[in-house]
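Asker: turn this into a model:
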Amino acid sequence: MNIIAICGSPRKGNTEFVLKRILTKAEELGSSVELVLLREKRIEFCNGCLSCDSTGKCNIRDDMQLIYPKLESADLIILGSPNYFHNVSGMMKNFIDRLLPLYYIEKLKDKKIVEVIVGASGESDAIKKSIGCFEEAVNLLKASCVGDLYLAARKSQDIENDPDKIKKIDEFTEGLIGS
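Answerer: Numbers count the residues shown, from 1 in each chain. I've put the predicted structure just below:
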């Protein structure tokens, strides 16, 4: 299985740790994996020109041009974001906006997508709203959500220092990939 994970965290912390843990476990189970850290990419804002409406291609030349083919070739896409103000991070939302060309040409139709949210607010409406942002994108892209994972964390290393949360990540991954 070819897996790409997109990390929408502006810092190296819990969200990145969770995605790396999922990918490490998936690789152990035989998958090919890649992690894209949005904070290391130059991704401009969608300018609403709608050229992708007729061409199926984005006319903005930035790092999304390198990411599009990776998404298209993936068997599983993992979207990961911290919960910021009851939503995904700004850089993740920007990434989602830039998926518009793939929406028009249905390049992610029937793709399997996993949604990962890390936040300090506990399991609440805040998490439902963050997951909702991902779910709306998945629905528009005609893809299918095959799993979502929420983990509570406040400080930078909360998850990696919690054996129960690490076990939860590993079990979640085994359920996705199989053992």
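
Asker: low-confidence ranges in this protein?
Answerer: 122-124, 126, 179 (pLDDT under 70).

Asker: ranges for the strands of it?
Answerer: Taking DSSP state E to define them, one finds strands in the chain at 2-7, 32-37, 76-82, 112-119, 144-152.

Asker: distance to residue 104 and mean neighbour count added to the ones you listed, as JSON lines?
Answerer: For the C-beta atoms, the positions are set from N, CA and C on the backbone; glycine is no exception. As requested, those are exported to JSON lines (distance: least, C-beta to C-beta, whole Å; neighbours: other C-beta atoms under 10 Å):
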{"stretch": "strand 2-7", "distance to residue 104": "20", "mean neighbour count": "23"}
{"stretch": "strand 32-37", "distance to residue 104": "22", "mean neighbour count": "16"}
{"stretch": "strand 76-82", "distance to residue 104": "18", "mean neighbour count": "26"}
{"stretch": "strand 112-119", "distance to residue 104": "18", "mean neighbour count": "24"}
{"stretch": "strand 144-152", "distance to residue 104": "19", "mean neighbour count": "17"}
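
Asker: could you dump the ones you listed to JSON lines with distance to residue 61?
Answerer: As requested, the strands of the chain are exported to JSON lines (distance: least, C-beta to C-beta, whole Å):
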{"stretch": "strand 2-7", "distance to residue 61": "20"}
{"stretch": "strand 32-37", "distance to residue 61": "18"}
{"stretch": "strand 76-82", "distance to residue 61": "23"}
{"stretch": "strand 112-119", "distance to residue 61": "26"}
{"stretch": "strand 144-152", "distance to residue 61": "31"}
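
Asker: residue 132: which of the ones you listed is closest?
Answerer: strand 112-119 (9.7 Å; C-beta to C-beta).
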